[in-house]
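Participant: build me a structure from this.
(chains A and B)
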Amino acid sequence: MKLEQLASRCGEWLRGSGPESDIVISSRIRLARNLADFPFVRRCNDADRAAVVATLKQSLENVDFFHDVAYVDVSSLPPVDRQFLVERQLISRELSEGEGPRGVAIDPHEKFSLMLNEEDHLRIQVMNSGLDLQSAWEQINKIDDLIEERITYAFHERLGYLTACPTNVGTGMRVSVMLHLPALVITRQIEKVFRSLQKISLAVRGLYGEGSQAMGDFYQISNQITLGRSEAELIEQVSEVVPVMIDYERRAREFLVKESQKDLHDRVSRAFGILCTAQTISSEETMMLLSSVRMGVNLGLIADVEMPTINQLFIHTQPAHLQKLRGVELDTADRNSERASYLQRHLRKSDGGNAEKN
Amino acid sequence: MKCQRCEKPATFHITELTGDAPQEIHLCEDHARRYLQQADDEDAPSPTLAGMLAQQLKLGQTAQELARLDKRACPVCGITFYEFRQQGRLGCPHDYVSFEAELEPLINNIHGAREHAGKRPKRAANSTDRRTDLIRLRRELTEAIEGEKYERASELRDEIRKFEQDDK
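Facilitator: Here you go, the predicted structure:
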């Protein structure tokens, strides 16, 4: 698979469609699975790891469902390509920075990916645009069944699916919903909301999972517990709180519109102005400003910019994406000017496009 | 002065500054090393897991029992309890059996539950125990080759082949 081809496109989950997509970016489910006849990954030598990869790859062969899946050998990729897959949410940082034979099988529509030799032998993940956990579960359950027909998973009668870390044992399932919550950040309510989520054992993480900063006001909410509840119950637990979060964010936005419309409009317009005219700009500043613009588009304060364009810019302006799109390696200073010109082209293009139509 | 954790003389005097007020701690060399290591571990990726485990072990065991437990190894993959404690990751599926007594309260702490309530593989998973034999055999094979015990290695190779064929 040519990663360059992947770069110019945009994953299904970034379509910016689906229920509640003004606030909910994506819905994701992942399952952790291990082969019964190998040590867990960290305890494997390179020969074991290679055998695990071979066994799992073989289990995908001759299955119609996996026919179009592209396998990428992560261990032989240069750092910029690994970073690219992380930015794209197709692999985790842990897989990118891991050791020995490892890889990822990617669905051409980027709706699912299978990580081989991450912390567990197999990590299946399914991603949907907007709030749509139910179909994500149906999809991942089917993928899991198909693989299980050909593989003996490590499974314990009482404890369920066995995982390298006891925090994942049982269902091995993490359900997560990524939300864009700029108004809760501006009104300083976000900390309070998170504390109450932690009380009901839900975890809050940034854009790129564990330990990452909440870039661009994106937050992932996911289940902490994996044992003692069924998959349906775990999905229910996350599904129940998302509408509450959406409601809080909407109310915070209404409050901002009502109480400080002028400030809000000013903030959003300035952000848009900088993104359209800057000559050099960092990734962090871009994320921060795009976040304001995204909210501005949702509230009708900025016309002529489409939501999918904004969603895509969040990903395409990140360091590895810029380099893959340009086709050359760039140092930080060059990236910052490349980023500025990329933003100009895409934000002004949508302006121009509409002008022509009119 | 005696160590606060055991009967040995305290040779390390640590002033802990991270709490609300400075705290004096007096420990023997062993416990001081463990104490300082624990403090480092708090920066590790899974602080809650290591923390919970440390807490649980401190409550239930004497120093000698803990030292003995740390040395215990899983007969299948060879990981010691100490290694698991340090890394927060288990070595193989059989560890859930080998360290069952220690993992049980930890798992209950994390999940507030002891039993799986979700999906089960459709195929009989009873073969898991037999399958873990393969993990042990492959490990013994690596050790035999490293120790240049080629006769033993060849026996092991035959045994592994037989196992793998039985599975098909």
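Participant: what does the pLDDT read for residue A:204?
Facilitator: Note on residue A:204: pLDDT of 86.
Participant: that one: what's it in contact with?
Facilitator: A:194, A:197-198, A:219-221 (Cβ atoms under 8 Å, 6 or more residues apart in numbering or on different chains). Yep, even glycine has a C-beta here, placed from its N, CA and C like the rest.
Participant: show me which residues of the stretch 151-300 of chain A sit near chain B.
Facilitator: With Cβ under 8 Å from any Cβ of the partner chain as the criterion, the stretch 151-300 of chain A comes near chain B at residues A:152-162, A:164-167, A:169-171, A:173, A:201, A:210-211, A:225-231, A:233-234.
Participant: counting neighbours, what do you get for the residue of chain B found nearest chain A?
Facilitator: Proximity to chain A, evaluated over chain B using Cβ to the nearest Cβ, is greatest for residue B:113 at 2.3 Å. Neighbour count for residue B:113, taken as other Cβ atoms under 10 Å in any protein chain shown: 15.
Participant: check residue A:138 too.
Facilitator: Number of residues near residue A:138 (other Cβ under 10 Å) recorded here: 12.
Participant: swap in residue B:122?
Facilitator: Around residue B:122 there are 9 other residues, counting by other Cβ under 10 Å.
Participant: report the secondary structure state of the residue of the stretch 151-300 of chain A found nearest chain B.
Facilitator: At 2.3 Å from chain B, residue A:228 is the closest residue in the stretch 151-300 of chain A, using Cβ to the nearest Cβ. Counting by DSSP: H, G, I helix; E, B strand; the rest coil, the backbone at residue A:228 sits in coil.
Participant: phi, psi for it please.
Facilitator: Recorded main-chain torsions at residue A:228 are phi 90, psi 0, according to degrees, to the nearest 10.
Participant: do residue A:178 as well
Facilitator: When quoted as degrees, to the nearest 10, the phi and psi of residue A:178 stand at phi -100, psi 130.
Participant: what of residue A:155?
Facilitator: Dihedral angles (degrees, to the nearest 10) for residue A:155: phi -140, psi 140.
Participant: what do you get for residue B:2?
Facilitator: Dihedral angles (degrees, to the nearest 10) for residue B:2: phi -90, psi 150.
Participant: that one contacts residue B:27, correct?
Facilitator: No: using Cβ atoms under 8 Å, residue B:2 is not in contact with residue B:27, being 9.8 Å away.
Participant: quick one: low-confidence residue ranges for chain B.
Facilitator: B:14-23, B:36-48, B:58-60, B:124-129, B:166-168 (pLDDT under 70).
Participant: and the strands in it?
Facilitator: Here chain B has its strands, by DSSP state E, at B:12-16, B:23-27.
Participant: all helices for chain B, in order.
Facilitator: Assigned by DSSP state H, the helices in chain B fall at B:29-41, B:47-60, B:63-71, B:81-87, B:95-98, B:100-111, B:128-146, B:150-167.
Participant: low-confidence ranges, the stretch 101-250 of chain A, go.
Facilitator: The model of the stretch 101-250 of chain A has pLDDT under 70 over residues A:208-214.
Participant: let's go with 80 and repeat that
Facilitator: Low-confidence segments of the stretch 101-250 of chain A, defined by pLDDT under 80: A:206-214.
Participant: and the strands in it, which stretches?
Facilitator: A:103-106, A:112-116, A:122-129, A:155-156, A:160-161, A:173-180, A:202-205, A:218-223 (DSSP state E, counting those that start in this stretch).
Participant: reformat those strands as a markdown table; add distance to residue A:307.
Facilitator: Listed next are the strands of the stretch 101-250 of chain A as a markdown table, based on distance: least, Cβ to Cβ, whole Å:
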| stretch | distance to residue A:307 |
| --- | --- |
| strand A:103-106 | 25 |
| strand A:112-116 | 23 |
| strand A:122-129 | 11 |
| strand A:155-156 | 43 |
| strand A:160-161 | 38 |
| strand A:173-180 | 11 |
| strand A:202-205 | 24 |
| strand A:218-223 | 15 |
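Participant: excluding chain neighbours, what is closest to residue 152?
Facilitator: Since you didn't name a chain, this refers to chain A. Distances taken as Cβ to Cβ, 6 or more residues apart in numbering or on different chains place residue A:36 nearest to residue A:152, at 4.6 Å, with adjacent residues excluded.
Participant: actually it's chain B I care about, not the one you picked
Facilitator: Leaving out its chain neighbours, residue B:152 is closest to residue B:144 (Cβ to Cβ, 6+ apart), at 4.5 Å.
Participant: list the contacts for that neighbour?
Facilitator: B:150, B:152-153, B:156.
Participant: selecting buried members of those residues in PyMOL, what would you type?
Facilitator: For the buried members of the contacts of residue B:144, the matching PyMOL selection, counting by 16 or more other Cβ atoms under 10 Å in any protein chain shown, is:
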select buried, chain B and resi 153+156
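Participant: tell me the one of the contacts of residue B:144 nearest residue A:129?
Facilitator: residue B:156 (51.2 Å; Cβ to Cβ).
Participant: list the contacts of residue B:6.
Facilitator: B:28, B:30-31, B:63.
Participant: quick check: the residue nearest to residue A:152 touching residue B:131?
Facilitator: Yes: in this structure, residue A:36 is within contact of residue B:131 by Cβ under 8 Å, at 4.0 Å.
Participant: neighbours of residue A:39, just the number please.
Facilitator: Residue A:39 has 31 neighbouring residues, counting by other Cβ under 10 Å.
Participant: can you tell me the SS state at it?
Facilitator: coil.
Participant: hmm, it is touching residue A:51, no?
Facilitator: No: at 11.0 Å, residue A:39 does not count as touching residue A:51 under the criterion of Cβ under 8 Å.
Participant: all helices for the stretch 151-300 of chain A, in order.
Facilitator: All helices of the stretch 151-300 of chain A, identified by DSSP state H, counting those that start in this stretch, fall at A:182-186, A:190-199, A:231-277, A:283-298.
Participant: closest one to residue A:114 among those?
Facilitator: helix A:231-277 (18.2 Å).
Participant: and the angle for the closest one with helix A:283-298?
Facilitator: Interaxial angle, helix A:231-277 versus helix A:283-298 (axes from the mean of the first three to the mean of the last three Cα atoms, to 10 degrees): 100 degrees.
Participant: how big is the angle separating helix A:231-277 from strand A:173-180?
Facilitator: Counting by the same axes, to 10 degrees, helix A:231-277 points 30 degrees away from the direction of strand A:173-180.
Participant: what sits against residue 104?
Facilitator: The chain I'm using is chain A. By Cβ under 8 Å, 6+ apart, residue A:104 lies in contact with A:71-72, A:74, A:85, A:90-91, A:95, A:113-116.
Participant: let me rephrase: I mean chain B.
Facilitator: Residue B:104 sits in contact with residue B:114, where contact means Cβ under 8 Å, 6+ apart.
Participant: leaving out chain neighbours, which residue sits closest to residue A:296?
Facilitator: residue A:268 (3.3 Å).
Participant: and the pLDDT for the one you found?
Facilitator: Looking at residue A:268, the pLDDT reads 95.
Participant: hang on, isn't it packed against residue A:303?
Facilitator: No: if you go by Cβ under 8 Å, residue A:268 and residue A:303 don't touch, sitting 11.7 Å apart.
Participant: thinking residue A:299 is in contact with residue A:254, fair?
Facilitator: No: at 9.4 Å, residue A:299 does not count as touching residue A:254 under the criterion of Cβ under 8 Å.
Participant: more neighbours: these two, which one.
Facilitator: residue A:299 (18 against 12).
Participant: now do the end-to-end distance for stretch A:275-294.
Facilitator: Stretch A:275-294 has an end-to-end distance of 12 Å (Cα to Cα, to the nearest Å).
Participant: that one - what's its average pLDDT?
Facilitator: Per-residue scores along stretch A:275-294 average to 95.
Participant: count of neighbours near residue A:98?
Facilitator: The burial count for residue A:98: 21, using other Cβ under 10 Å.
Participant: mind checking how far it is from residue A:298?
Facilitator: Residue A:98 sits 38 Å away from residue A:298, taking Cβ to Cβ, to the nearest Å as the criterion.
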